[in-house]
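1. Structure for the following, please:
(one chain, ligands or ions: 1)
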Amino acid sequence: MRMSDLIQKKRDGGVLSREEIRWMIEGYTDGSIPDYQMSAMAMAIYFRGMDIEETYELTMAMLDSGDRIDLSGVQGVKADKHSTGGVGDKTSLVLCPMVAACGVHMAKLSGRGLGHTGGTLDKLESFPGFSIAVSEDAFIKQVNEVGFAIAGQTAELCPADKKLYALRDVTATVSSVPLIVSSILSKKLAAGADVIVLDVKTGSGAFMQTEEAAFDLAKALTDVGRRAGKKVIAVVTDMDEPLGNAVGNALEVKEALSALRGEYRGDLMELCLTLGSQILTQGGAAPDEDAARAMLEKAIASGAALEKFAAFVKAQGGDPAAVYDTSLLPQAPVVLEVPSTAGGYVGRIHAEDVGLVSMRLGGGRAQKDDDVDLAVGVVLHKKVGGAVAAGESLGTIHARTEEAAREAADMLRACFEIGPEKAERPPFIKGVVK
Ligand code: URA
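-> Numbers count the residues shown, from 1 in each chain. I've put the predicted structure just below:
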């Protein structure tokens, strides 16, 4: 086989066979197919697409490029969750303990933040002593005993995706349905769960900027997941503004804890109830979605989810006292309010730009090896549709220095669009695809 022939075939709208796809992914992983040919193929796929059979074969070839986690030692149904990436997305920190408190195990591998989006592992390191390095045996033991674990990846899962995703990032080929489906699902299949819920973001802060594109992606994810023998549910959600109010590592942890204490009821909690009810019903722990929601609400009201979270922090070496006393989490020395210069209604909050404010403060990474400042970030006081008076605070900046705070305040003000008309807030949950 020759890679140039396969590129030509896809360029002209042909359908690649299983053998061709496997040969290409093996060759790309072992280095015999160079980046420049794979770039051309990624662009051909971007324009020509792939049918569901090709997408499935690409997913399985990427899955077979590396190791798999064996979760057979975990008792009962094990679930996993993935988000296509968002600003202020601390969902896993709330969802995992809620679901675990209702009897379904969550085994989750997470990543670090890059660019304007944060990473769950960085957020968890806000707890003094917390370790994200957990051996496979300890991971399984913890899932059985505590109900959930969230750790960094140790095995080499999907090396083909690691290479291809980095290539797509610099060749403008990220937002292609077959490439996203194979990237996400190969990693989720390698991580070994039985039930996989996917939060597919749509809007200005997401890869899929229109609802139609997001639903196409959701459908392809569930179709390919089903072919691979898994229960995959995709929930399409709005990412036109940050999720919740906090953006920044320890600040997001504090918001997640307030959700677990039952003090926060906003888009974040709605998302956790929606994703959680899908997991409980698909995992056989609840007869229907209403019953599942009631179970999840009870886990919050009774304190069971918060207790699960404290047990999880302790099991991974962190100080569980910080779950109950958030003054033990990192605190930024400079706190500055950002008064609005105009009065009216918030029409938009540019999510990606708010992520960049936090990154600029030191809360995110521009490069993979950068250090992050866990204490800094932004807490928004207004969401889309909210009324604001001139001089009223739009948000609070948490910064290392006065100068950084002032610069961030100007940046944050520019993230808001304020007008005289009250904007109709679009529904946050756009739909569920099973
Ligand atoms: N997340 C991934 O892991 N891969 C993609 O292609 C897009 C989002």
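2. give me the low-pLDDT residue ranges for the stretch 201-350 of the chain?
-> Scanning the stretch 201-350 of the chain for pLDDT under 70 picks out 205.
3. Where do the strands of it begin and end?
-> For the stretch 201-350 of the chain, strands defined by DSSP state E, counting those that start in this stretch occupy the ranges 231-238, 246-247, 334-339, 344-349.
4. Could you look over these and pick the most buried one?
-> strand 246-247 (a mean of 30; mean count of other CB atoms under 10 Å). Where you see a C-beta, it was placed from the backbone N, CA and C, and this is true even at glycine.
5. Summarise which helices and strands that one is packed against.
-> Here strand 246-247 is seen to pack against helix 249-260, helix 351-358, strand 377-380 when contacts are counted using 3 or more CB pairs under 8 Å, 6 or more residues apart in numbering; DSSP states H and E.
6. Distance to the ligand and mean neighbour count added to these, as a markdown table?
-> Formatted as a markdown table, the helices and strands packed on strand 246-247 follow (distance: least, CB to the nearest ligand atom, whole Å; neighbours: other CB atoms under 10 Å):
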| stretch | distance to the ligand | mean neighbour count |
| --- | --- | --- |
| helix 249-260 | 19 | 25 |
| helix 351-358 | 15 | 25 |
| strand 377-380 | 23 | 26 |
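7. As a markdown table, the ones you listed with distance to A166 would be great.
-> Output for the helices and strands packed on strand 246-247, formatted as a markdown table (distance: least, CB to CB, whole Å):
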| stretch | distance to A166 |
| --- | --- |
| helix 249-260 | 24 |
| helix 351-358 | 20 |
| strand 377-380 | 27 |
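8. right, and those - which one's nearest G13?
-> When the helices and strands packed on strand 246-247 are compared by CB to CB, helix 351-358 sits nearest G13, at 33.4 Å.
9. What are the contacting residues of that closest one?
-> Applying CB atoms under 8 Å, 6 or more residues apart in numbering, the set of residues contacting helix 351-358 from outside is 86-88, 115-118, 203-205, 239-242, 247-248, 364, 376-378, 380, 397, 408, 411-412, 414-415.
10. Got phi/psi on L198?
-> The phi and psi values for L198, taken as degrees, to the nearest 10, are phi -120, psi 130.
11. Quick check: nearest residue in space to the residue in the chain that the ligand sits nearest to, chain neighbours excluded?
-> The minimum distance from the chain to the ligand, using CB to the nearest ligand atom, falls at S183 (3.4 Å). Distance criterion CB to CB, 6 or more residues apart in numbering; nearest residue to S183, sequence neighbours excluded, is D161 at 5.1 Å.
12. Quick check: the one you found touching K188?
-> No: under the criterion of CB atoms under 8 Å, D161 is not in contact with K188, lying 10.8 Å apart.
13. Using the record's assignment, carve the chain into domains.
-> When the chain is parsed into structural domains using automatic domain parsing, the resulting residue ranges are 3-49, 78-324, 330-419.
14. Pull up the distance across the second one, start to finish.
-> It refers to domain 78-324. 28 Å (CA to CA, to the nearest Å).
15. Please tell me how far it is from the chain's geometric centre.
-> Taking CA atoms, centre = their mean, to the nearest Å, one finds the center of domain 78-324 at 6 Å from the center of the full chain.
16. Stretch 403-422 now?
-> Using CA atoms, centre = their mean, the distance between the centre of stretch 403-422 and that of its chain works out at 25 Å.
17. mind listing what's buried in it?
-> Within stretch 403-422, the residues that qualify as buried are A404, A405, E407, A408, A409, M411, L412, R413, C415, F416, I418, counting by 16 or more other CB atoms under 10 Å.
18. For the third one, which residues are in contact?
-> Translated: E407. Applying CB under 8 Å, 6+ apart, one finds that E407 lies in contact with R360.
19. After the helix or strand encompassing it, heading C-terminal, what element do we hit next?
-> With secondary structure defined by DSSP states H and E, E407 is part of helix 402-415. Where DSSP H and E defines the elements, the next helix or strand beyond helix 402-415 is strand 416-419.
20. Output that next one as PDB - backbone C-alpha positions only.
-> As requested, C-alpha coordinates have been extracted for strand 416-419 and formatted as PDB (Å, rounded to 0.1, in the frame of the first residue of the first chain):
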ATOM      1  CA  PHE A 416     -19.000  41.100  28.500                       C
ATOM      2  CA  GLU A 417     -21.500  42.400  26.000                       C
ATOM      3  CA  ILE A 418     -24.000  44.600  27.800                       C
ATOM      4  CA  GLY A 419     -27.000  46.100  26.000                       C
END
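21. From the contact counts, what lies against it?
-> Here strand 416-419 touches strand 344-349, going by 3+ CB pairs under 8 Å, 6+ apart.
22. What sits closest to K188 if chain neighbours are left out?
-> Excluding the flanking residues, the one nearest K188 by CB to CB, 6+ apart is I196, at 5.1 Å.
23. Over to A390?
-> Counting by CB to CB, 6+ apart, the nearest residue to A390 once its immediate chain neighbours are dropped is G343, at 4.2 Å.
24. Equivalent analysis for H398, please.
-> Nearest-residue entry for H398: A332, 3.7 Å, with adjacent residues in sequence omitted and distances by CB to CB, 6+ apart.
25. was I right about the one you found contacting T401?
-> No: applying CB under 8 Å, one finds A332 not in contact with T401, separated by 9.7 Å.
26. center of the chain - which residue?
-> S83 (3.3 Å; CA atoms, centre = their mean).
27. show me the contacts for it.
-> Counted by CB under 8 Å, 6+ apart, S83 has contacts D89, T91, S92, L198, D199, K201.
28. My guess is the first one contacts L243. True?
-> Think D89. Yes: using CB under 8 Å, D89 makes contact with L243 at a distance of 5.0 Å.
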